[in-house]
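In: got a predicted model here, sequence first, then my questions.
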Amino acid sequence: MANIKSAIKRIKITQKRTLRNKMVKSSMRTAIKKFEAALNSGNLDDAKVLLVEAIKKIDKAAAKGVIHANAAARHKSRLTLKLNKVSNQ
């Protein structure tokens, strides 16, 4: 444990940020899983709505610095491709 006052404060701040990052990342992953579950069940209408929700969560995670902007773009692209692939069949 740190003895210096500023180091103690930094530890507290790091813990708060870690919790926030976990929360944002977890909600993003949950949104992605809900989308993929709807897609796998063949429910295209729900999948389209859930895709918008998942993209929103991904964008928020990127804006808050939880994931990199390029990683966010990659996630969104792959999810959209999955939906388009199922829609065109």
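Out: The structure has been received and is ready for your questions.
In: which of the residues in the host helix or strand of residue 7 are buried?
Out: Per DSSP states H and E: residue 7 is located in helix 5-40. Across helix 5-40, burial judged by 16 or more other C-beta atoms under 10 Å covers 24, 28, 31-32, 34-36, 38-39. (Glycine included, C-beta is placed from N, CA and C.)
In: next helix or strand past that helix?
Out: helix 44-63.
In: report the central residue of this protein.
Out: Closest to where the C-alpha atoms of the chain average out (C-alpha atoms, centre = their mean) is residue 28, at 2.6 Å.
In: ok, that one touching residue 57?
Out: Yes - at 4.4 Å, residue 28 counts as touching residue 57 under the criterion of C-beta atoms under 8 Å.
In: still on that earlier bit, residues touching the residue nearest to the centre of the chain, list them.
Out: 54, 57-58, 60-61, 66-67 (C-beta atoms under 8 Å, 6 or more residues apart in numbering).
In: gap between it and residue 80?
Out: Here the criterion is C-beta to C-beta, to the nearest Å. By it, residue 28 lies 16 Å from residue 80.
In: hang on, the earlier thing: and the contacts of residue 28, which is closest to residue 76?
Out: Within the contacts of residue 28, the smallest distance to residue 76 is 5.7 Å, found for residue 58 (C-beta to C-beta).
In: so who does the closest one touch?
Out: 28, 31-32, 67, 72, 75-76.
In: next, residue 42: phi, psi?
Out: According to degrees, to the nearest 10, the main-chain angles of residue 42 amount to phi 90, psi 10.
In: from residue 63, how far off is it?
Out: 33 Å.
In: who has more neighbours out of those two?
Out: Using other C-beta atoms under 10 Å as the criterion, residue 42 and residue 63 rank with residue 63 on top: 12 against 9.
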